[in-house]
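> Just the structure for this:
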Amino acid sequence: MHYKYYFKYSVGGKTKLANKPNEDFTFEMTENINSLKVVLTPVNPIKIMEFYVQLDYKFYPTSKFFANGFQSWTDTKEFTIDETVSDLNTIGKSPYGKMYGMKYVGDYTFIHNDRKKGQFHSHGFAYVRNGNTIDLFGSLTDRTGYTLIYADMHNNTMRFSKDLDGITITEPYEILNLFITGGEYDEVFDEYFKEMGVKPLTLNKIKGYTSWYNYYQDISEKIILRDLNSLSSQKEYVNTYQVDDGYEAKVGDWLIVDEKKFPNGMKPIADAIHKQGFKAGIWLAPFGAQKGSVLAKEHKDWLIKDEKGKPVPVGHNWGGFYALDIYNESARNYIKKVFKTVLDEWGFDLVKLDFLYAASVKPMHGKTRGEIAYDSIDLLRECVGDKEILGCGVQQMPCFGKVEYMRIGPDMALWWPHKLLRRNMHREDVSTPNAIHNSIYRRCLNGRAFLCDPDVFLLRRDNIEFTFEQQKTLAKFIKLFGGVLFMSDDISKYNEEQLEVFKDVLSDDDSRVVNVIEENNKVFIDYIQNGKPSVLAFDITTGTVY
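Model prediction:
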């Protein structure tokens, strides 16, 4: 392979361009058919402004480019040469979006997106599909900074770059470390994860209940115990019961339980779950601090700040929220105290950790965004110890081999089509079609990096806009693509047909995906269940079931 280099940097106050080593730096480049590694050694301190390696690559009219999104919720799929990738949209760019820091939910602050047909970018790894074979390009680690892979399908080029914003290089620094291979889908990803030395922490699926997709924040001790009691009749199929958002007074004030909702606190809830023989799970956004929370009001010095010293808003949820600076010692101690209380005193076994992107929204303390993301996951793993993590709203690569379970898509909506209002926010918003796409195209991570959480299946007929035929289709989809199989229903209201679908999703059997074909938003999933070949077919955009 023939690579061209482009390097824009600052040294001694001067901005320079270079495409080969000079008096300011040397490159140690290792190239072969399966790898590309670049280590830069500066003569004097260098600030990298832009760096990429360009490769001529032949795209065909039928080629498809897999673009891995920035974090769990970012839309992720294979793109054709005539498609474009979306961006921060009207609401996200509006004064409202700016006020709430919507740009920090994705990669909008450090990626240039022209929204031209056939031009895409991918985080960490990417592939080109031609027929039944793929060419994979994958970073072996993003600990030094996010690896960015760009494709220009009309001009037949690929670029490999690194987000090194925020650092000055004074010693040898690994800029790129890519693994390159080709072949059939599963064998290629087996090779990739073997080369990284990454293995999942568990292969045990979690199956059961989460409170979010029925009640959202409107939960109470009464609701949680009622639905728990209903689920106890199906112990053969369930092993986990998770309390989601809504028990805390405000996001960030995790140890101040809402006394009106949970007058007896959270330990009796975990005890009740254990009494039924289930693992007890609970939701946290450990790096978040809701505006108006005690945490945000009394500990402003713990928050990530902008250049003017003001806290940085990092999302619109809960009326807006800030993020904790994980390098602030007091903030770190608070995070550790929260986990010690939740896991050791309250007795929960699993934590769903959400909005984790918030810790690394900007480079700081002489570290890149990628380095901060890795450090934040290392901190969480230290805090949780040998109990279990379900990650969510987080960059994927820093979590490889570090969390047991991972949400790999956005929240599923309570309806199918992606509504116009939601599409006008950002790539990370609630969307059933995007959740499906992410589950299909990130299935390469399931059982290799962690077990994937494709989000919930829902079978109730109230407080929902799906048809029952769509619900049955989504339930089968979740079974085929998930290592986390959760629902949010009071199953005491199920009829016989609903209960039959529930049992099918959660039963332990030989179910596996053989092949996936998508054309014009119509998807055909060939699978085998208990030796019987079957096909699941539907329109991803409209929800029409075939």
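> CA only for contacts and neighbour counts going forward, please
Fine.
> so where do the helices sit in the stretch 251-400 of the chain?
Along the stretch 251-400 of the chain, counting by DSSP state H, counting those that start in this stretch, helices occupy 267-275, 294-298, 329-339, 369-384.
> mind putting these in JSON lines, mean pLDDT, mean neighbour count and distance to residue 98 included?
Shown next, in JSON lines, are the helices of the stretch 251-400 of the chain (pLDDT from 0 to 100; neighbours: other CA atoms under 10 Å; distance: least, CA to CA, whole Å):
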{"stretch": "helix 267-275", "mean pLDDT": "98", "mean neighbour count": "18", "distance to residue 98": "39"}
{"stretch": "helix 294-298", "mean pLDDT": "98", "mean neighbour count": "17", "distance to residue 98": "19"}
{"stretch": "helix 329-339", "mean pLDDT": "98", "mean neighbour count": "16", "distance to residue 98": "26"}
{"stretch": "helix 369-384", "mean pLDDT": "98", "mean neighbour count": "20", "distance to residue 98": "20"}
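> what about the ones you listed, which gets the closest to residue 146?
helix 369-384 (5.0 Å; CA to CA).
> tilt between the closest one and helix 329-339?
40 degrees (axes from the mean of the first three to the mean of the last three CA atoms, to 10 degrees).
> Which helix or strand in this structure has the lowest average pLDDT?
Using mean pLDDT, DSSP states H and E, the weakest-scoring helix or strand in the chain turns out to be helix 420-423, at a mean of 78.
> Quick check: buried residues in the following helix or strand past that helix?
The C-terminal neighbour of helix 420-423 among helices and strands, as given by DSSP states H and E, is helix 432-441. By 16 or more other CA atoms under 10 Å, the buried positions in helix 432-441 come out as 432-441.
> before we move on, back to that, redo the helices of the stretch 251-400 of the chain as TSV? Include distance to residue 395.
Listed next are those as TSV, based on distance: least, CA to CA, whole Å:
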stretch	distance to residue 395
helix 267-275	29
helix 294-298	24
helix 329-339	20
helix 369-384	8
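> Which one of these lies nearest to residue 181?
Of those, nearest to residue 181 by CA to CA is helix 369-384, at 24.1 Å.
> which sections of the stretch 251-400 of the chain are below the confidence cut-off?
Under the criterion pLDDT under 70, no range of the stretch 251-400 of the chain is flagged.
> Can you list the residue ranges for strands in the stretch 101-250 of the chain?
With DSSP state E, counting those that start in this stretch, the ranges of strands along the stretch 101-250 of the chain come out as 119-123, 125-130, 133-139, 147-152, 157-162, 173-184, 206-210, 240-243.
> and the fourth one, what does it pack onto?
Okay, so that is strand 147-152. strand 119-123, strand 125-130, strand 157-162 (3 or more CA pairs under 8 Å, 6 or more residues apart in numbering; DSSP states H and E).
> cool, the longest one as well?
With contacts taken as 3+ CA pairs under 8 Å, 6+ apart, strand 173-184 sits against strand 35-42, strand 133-139, strand 157-162, helix 185-196.
> So residue 514 sits against residue 526, correct?
Yes. Proximity of residue 514 to residue 526 meets the contact threshold set by CA atoms under 8 Å, at 5.4 Å.
> which of these two has more neighbours?
A direct count of neighbours by other CA atoms under 10 Å for residue 514 and residue 526 places residue 526 higher, at 16 against 12.
> if I pick the more buried one, what's in contact with it?
Counting by CA atoms under 8 Å, 6 or more residues apart in numbering, residue 526 makes contact with 513-516, 533-536.
> Those: which two are farthest apart?
Largest pairwise distance in those, by CA to CA, is 13.4 Å, between 516 and 533.
> So for stretch 412-432, what gets flagged as buried?
Quick answer for stretch 412-432 (16+ other CA under 10 Å): 412-418, 423-432.
> right, I mislabeled it, should have said stretch 456-465
456-460.
> measure it end to end?
15 Å (CA to CA, to the nearest Å).
> Tell me how far it lies from the chain's centre.
Centroid displacement of stretch 456-465 relative to its chain, using CA atoms, centre = their mean, to the nearest Å, is 24 Å.
> can you tell me the average pLDDT over it?
The average pLDDT for stretch 456-465 rounds to 97.
> now the residue sitting nearest the centre point of the chain: how far from residue 410?
Nearest to the mean C-alpha position of the chain, by CA atoms, centre = their mean, lies residue 72 at 1.7 Å. Going from residue 72 to residue 410 by CA to CA gives 6 Å.
> repeat for residue 310
Taken as CA to CA, the span from residue 310 to residue 410 is 29 Å.
> higher neighbour count, the two?
Higher neighbour count among residue 310 and residue 410: residue 410, with 29 against 12, using other CA under 10 Å.
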